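Trainee: okay, here's the prediction I keep looking at, along with the sequence it came from:
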Amino acid sequence: MMFKQLIPTFFGIGIFIAVITFFSSIYIVDETEQVFVTRFGKTVREPINAPETKDGEEKPSQAGYYFRVPFVDKVRSFDKRYLEWDGKPNEVSTKEKKFIYIDTYARWRIVDAKIFYKNLGDVDFAKLRLNGILDGAVRNVIAANDLVEVVRSHQRESVVADDQVLDDGSQLVMFTHGRSKLAQLVIEDANKNLLQLGIKLLDFRFKRINYNPDVQKTIFDRMISERSRISATFRAEGAAEAENIKGLQQKELKEITSKAYLGKQQIMGEADAKAVAIYAEAFDQNAEAREFYEFLKTMETLESTLSKDDTLIFSTDSDFFRYLKRSAPTKE
């Protein structure tokens, strides 16, 4: 009788345990995570939702619900997104033994969660390993290159000659790589070690570069000297180009003026020829018109040759006197 009364209780407990067991066997893989399952320390399910294939290609998302053996299997979850690394400023030596302070940062990613867990365990310890590996890679790259390679941001064509001498008497050193190329060399060097830990370095940048105070003034003087030399070259080229443009302008102006003057003279000649032809035709038809024309031309000549301060002396048989006499009023 007592056993029959406990059956519902046992049944309820059984259902409760079954529900707990069922939900314990389900785990969720988020889009931002990569997950693998271990059983007694051994991997029983390969990483799910891994970010990359073995060839480095991006994998499609495998987020969703998955099952495991409850209370036995353990789910290991790691972030699949880009993670940041911010280095501490360090003093390093360049190829020519000049010391500079550099501050760097990088972006990295867990590309193989299983290898990452086996070698590093968690992200905090991974950052400590990153500090050592990246610091060594930076020192190796900087030590193999001159200071000018670190200062310049990228490779570009210089505007001065290779043998250009600066104001302080030193020779200008040309660069071949630039800071962007050095950052790529750091990535390649660091990934040789990081990929063995399940990590891939995606990006690396020099955030800030400071010169050692002992050589800072010398470096700045060289930079000022170089910029002054380059600006002087630009100004000289600009002045020469300006003179060339002015010469072409004067030449074109003279050509335009000459053509305009020639056209003007041609038009005036044609107009005078037509006027003479019209006058000649009119004179042939009317003697009085011809005489009037002679009078007008005489007046025009007087107007153009005389001023108010001039004095004319005419003989009685001159044409001027004849026209003046004829134009004078007669007394009744």
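Mentor: Looks like it arrived, so ask away. Because the structure is predicted, anything quoted here is derived from the model rather than measured.
Trainee: quick check: domain ranges of the chain?
Mentor: Following automatic domain parsing, the chain resolves into domains at 2-79, 83-211, 287-332.
Trainee: of these, which shows the lowest average pLDDT?
Mentor: Ranked by mean pLDDT, the domains of the chain bottom out at domain 287-332, which scores a mean of 66.
Trainee: how about the helices of the stretch 101-250 of the chain, start to end?
Mentor: Using DSSP state H, counting those that start in this stretch, the helices of the stretch 101-250 of the chain run over residues 113-119, 123-143, 147-151, 179-194, 213-285.
Trainee: tell me which of these sits most buried.
Mentor: A comparison of these by mean neighbour count, using mean count of other C-beta atoms under 10 Å, puts helix 147-151 on top with a mean of 20. (C-beta placed from N, C-alpha, C; glycine too.)
Trainee: keeping just the C-alphas, turn that one into PDB.
Mentor: Coordinates of each C-alpha in helix 147-151 appear next as PDB, following Å, rounded to 0.1, in the frame of the first residue of the first chain:
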ATOM      1  CA  LEU A 147      65.900  54.200 -39.000                       C
ATOM      2  CA  VAL A 148      64.600  55.700 -42.200                       C
ATOM      3  CA  GLU A 149      62.700  52.500 -43.000                       C
ATOM      4  CA  VAL A 150      60.800  52.800 -39.600                       C
ATOM      5  CA  VAL A 151      60.100  56.500 -39.900                       C
END
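Trainee: quick one on the thing from earlier: same list (the helices of the stretch 101-250 of the chain) but as CSV, adding distance to Arg76.
Mentor: Shown next, in CSV, are those (distance: least, C-beta to C-beta, whole Å):
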stretch, distance to Arg76
helix 113-119, 5
helix 123-143, 13
helix 147-151, 41
helix 179-194, 20
helix 213-285, 49
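Trainee: Phe206 is nearest to which of these?
Mentor: Phe206 lies closest to helix 179-194 among those, at 5.6 Å (C-beta to C-beta).
Trainee: contact partners for Gly136?
Mentor: Not one residue lies near Gly136 by C-beta atoms under 8 Å, 6 or more residues apart in numbering.
Trainee: what's the spacing between it and Arg129?
Mentor: In this view, Gly136 and Arg129 are 11 Å apart by C-beta to C-beta, to the nearest Å.
Trainee: OK, contacts around Tyr211?
Mentor: Listed by C-beta under 8 Å, 6+ apart, the contact partners of Tyr211 are 100-101, 219-220.
Trainee: let's see that with 10 Å instead.
Mentor: 98-101, 147, 151, 217-220 (C-beta atoms under 10 Å, 6 or more residues apart in numbering).
Trainee: show me what it bridges to in the sheet.
Mentor: Legend: beta-bridge partners of Tyr211 under DSSP bridges are Ile100.
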